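Q: 3D model of this:
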Amino acid sequence: MIGKEFRMDDDAANQLLEKCRAENPQVTAGELVIMGTWKLRQVGAKVQNPVGLLLASLPKMVKSAMYEQARRKAAAAAATVATFSPDPDVERFLQEEEERRRQTQDE
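A: The predicted structure is shown next:
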């Protein structure tokens with residue numbers, strides 16, 4: 001789930017989950033997707049290495065008040081749908097990031 005949402009390979013997704021669970025064993029992949037979306041939205045398109053940013057920031061976030069907010073959002077989402085669907089903000093960010101990469105390559 002994490003790798004698909006943030007277009008990272010399995011090793012990076014597993015590393016992220018392990019680092020976050022070392023800080024908070026209760027954190028779920030869905031909660032990480034929510035917090036990761038918030039973080040990526042916060043920095044916008046200016047981030048050069050979104051995977052590195054998530055690996056560095058999410059383990060800290062799972063110990064903060066942000067985790068409680070993400071937990072409530074994930075619980076609300078689970079209560080209304082059987083599966084956790086991709087966050088449209090994540091999809092939009094990833095599409096913008098892909099377009100930015102294409103423009104950079106064309107230059």
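Q: Give me the nearest residue to Arg100, chain neighbours excluded.
A: What sits nearest to Arg100 in space, not counting adjacent residues and going by Cβ to Cβ, 6 or more residues apart in numbering, is Ala45, at 5.7 Å. In short, each C-beta sits where N, CA and C put it, glycine included.
Q: Next: Trp38.
A: In space, Trp38 is closest to Met66, 6.9 Å off (Cβ to Cβ, 6+ apart).
Q: same thing with Gly36?
A: That would be Leu54: by Cβ to Cβ, 6+ apart, it lies 5.1 Å from Gly36.
Q: Kindly export the helix or strand hosting that neighbour (C-alpha atoms) in PDB.
A: Take DSSP states H and E as the rule and Leu54 turns out to sit in helix 50-61. Extracted in PDB, the C-alpha atoms of helix 50-61 (Å, rounded to 0.1, in the frame of the first residue of the first chain):
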ATOM      1  CA  PRO A  50      10.100  12.600  -1.700                       C
ATOM      2  CA  VAL A  51      11.100   9.100  -0.600                       C
ATOM      3  CA  GLY A  52      14.000  10.500   1.400                       C
ATOM      4  CA  LEU A  53      11.800  13.100   2.900                       C
ATOM      5  CA  LEU A  54       9.200  10.500   4.000                       C
ATOM      6  CA  LEU A  55      11.900   8.200   5.400                       C
ATOM      7  CA  ALA A  56      13.300  11.100   7.500                       C
ATOM      8  CA  SER A  57      10.000  12.700   8.600                       C
ATOM      9  CA  LEU A  58       7.400  10.000   9.100                       C
ATOM     10  CA  PRO A  59       9.200   8.200  12.000                       C
ATOM     11  CA  LYS A  60       9.100  11.500  13.900                       C
ATOM     12  CA  MET A  61       5.500  12.200  13.000                       C
END
